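>>> predicted structure and sequence below. I'll ask about it afterward.
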Amino acid sequence: MQTVPNDDEQAILQDGIKRFARTISGQPLGLAKYAPEPWADIRLCFENARRKADHDGGQTRFGWMFQHKLVEAIPGPGYLIAIHHAVWRAPSGYLFDVTPLHPDPQNHPLAPGGDTLFLVDDLAQPVRSGRMIGPRPTKFFALDDDARLAGHVQRLREAEEEHCRSLYAAGEA
């Protein structure tokens, strides 16, 4: 169960997000207004953003949304996850997250004030494999130097890389 971080933990989290974001992209880190479309599917952010742009103008922007996780067996600030994501850039220039939230709150992105924390990354185009269009591998970032946490995060990275290799290979079949 996630708890609300105190001020010190919040400062560590905010600093960690900025450091993590710099390892991913030099583009802006900011908020995408959470405005889910009733027709959008929680699993299809790329399609949702494209469909919104086709209907209302603007464009799809690719990048990363973030989650914060704690490891119960390892005291400390936990780790961050960057998940490949797409939002809609309205003709006005504002970003909107048109994809509904997952029903499980454990899978919700960091959302200060209710809007999605989003890192723009023009290099984060979806992976095309055969007829499949899929996400780039999820990224992980330990918020401290605990060796146990580093090992946990490394195992997550390895599992994600294997999962994506299988996913992309299935797209080639």
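Sure, I can see it.
>>> okay, now the unreliable bits of the chain?
Residue ranges of the chain with pLDDT under 70: 1-5, 171-173.
>>> biggest helix in it by residues?
helix 147-172 (DSSP state H).
>>> buried stuff in that helix?
Under the neighbour-count criterion of 16 or more other C-beta atoms under 10 Å, helix 147-172 has L149, H152, V153, L156, C164, Y168 buried. To be clear about C-beta, it is placed using only N, CA and C from the backbone, and glycine gets the same treatment.
>>> what does stretch 121-134 give?
Applying 16+ other C-beta under 10 Å to stretch 121-134 flags D121, A124, P126, V127, S129, G134 as buried.
>>> inside strands: which ones of these?
V127, S129, G134 (DSSP state E).
>>> using TSV, lay out these together with distance to R51.
Listed next are these as TSV, based on distance: C-beta to C-beta, whole Å:
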residue	distance to R51
V127	20
S129	22
G134	18
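>>> now, among those, which is nearest to L101?
Using C-beta to C-beta, G134 is the member of those that lies nearest L101, at 20.7 Å.
>>> and that closest one, how far from H163?
10 Å (C-beta to C-beta, to the nearest Å).
>>> and if you look at P135?
Counting by C-beta to C-beta, the gap from P135 to H163 is 10 Å.
>>> give the buried residues for the longest strand seen in the chain.
Scanning the chain for the strand with the most residues, using DSSP E, yields strand 74-89. Burial within strand 74-89, assessed by neighbour count using 16+ other C-beta under 10 Å, is assigned to 74, 76-89.
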